[in-house]
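Trainee: Here's my sequence, what's the structure:
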Amino acid sequence: MADFELFRWCTGFEWDEHNSQKNWEKHKVAVRECEQVFFNVPLVVEADPRHSQREPRFYCLGRTDSGRLLFVVFTARGRLIRVISARDMNRKEREVYGSL
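Mentor: Sure, this is the predicted structure:
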């Protein structure tokens with residue numbers, strides 16, 4: 001699926017309370033920050049076949065409204081985006097993102 005083709009039919013987000021809490025406790029990433037990444041450009045989206053045994057997974061590199069650079073792992077369930085994990089980009093990811 002092309003980068004933005006995935007989002008053409010998505011209508012919102014589905015949140016797992018455990019994942020949301022884990023993202024906050026481990027990385028101080030709030031739910032709203034994860035959602036913001038999908039609406040800001042540039043947004044880099046790639047398939048993650050290595051972690052797609054049970055369902056297709058993707059990761060993205062993006063920016064929050066406040067400029068925080070995040071790495072977000074997600075899947076699409078029906079018409080919803082389900083964030084699995086989120087953290088700040090590491091140095092290599094920031095270099096890739098910064099080269100766009």
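Trainee: Show me what stretch 64-74 is in contact with.
Mentor: For stretch 64-74, contacts defined as Cβ atoms under 8 Å, 6 or more residues apart in numbering pick out 29, 33-34, 36-37, 40, 48, 51, 57-63, 81-90, 93-94, 97. Yep, even glycine has a C-beta here, placed from its N, CA and C like the rest.
Trainee: Flag every buried residue along that stretch.
Mentor: Neighbour-count burial for stretch 64-74, counted by 16 or more other Cβ atoms under 10 Å, picks out 64, 68-74.
Trainee: List the residues that contact the nearest residue to Arg87 once chain neighbours are set aside.
Mentor: Excluding its sequence neighbours, the residue lying closest to Arg87 (Cβ to Cβ, 6 or more residues apart in numbering) is His27, at 4.3 Å. Counting by Cβ under 8 Å, 6+ apart, His27 touches 86-88.
Trainee: In TSV, list these along with pLDDT.
Mentor: Converted to TSV, the contacts of His27 look like this (pLDDT from 0 to 100):
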residue	pLDDT
Ala86	98
Arg87	98
Asp88	98
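Trainee: Name only those of the residues you listed that count as buried.
Mentor: Ala86.
Trainee: Please report phi then psi for Lys92.
Mentor: phi -60, psi -40 (degrees, to the nearest 10).
Trainee: right, I mislabeled it, should have said Lys28
Mentor: Per degrees, to the nearest 10, the backbone of Lys28 is at phi 60, psi 40.
Trainee: Alright, I will stop here.
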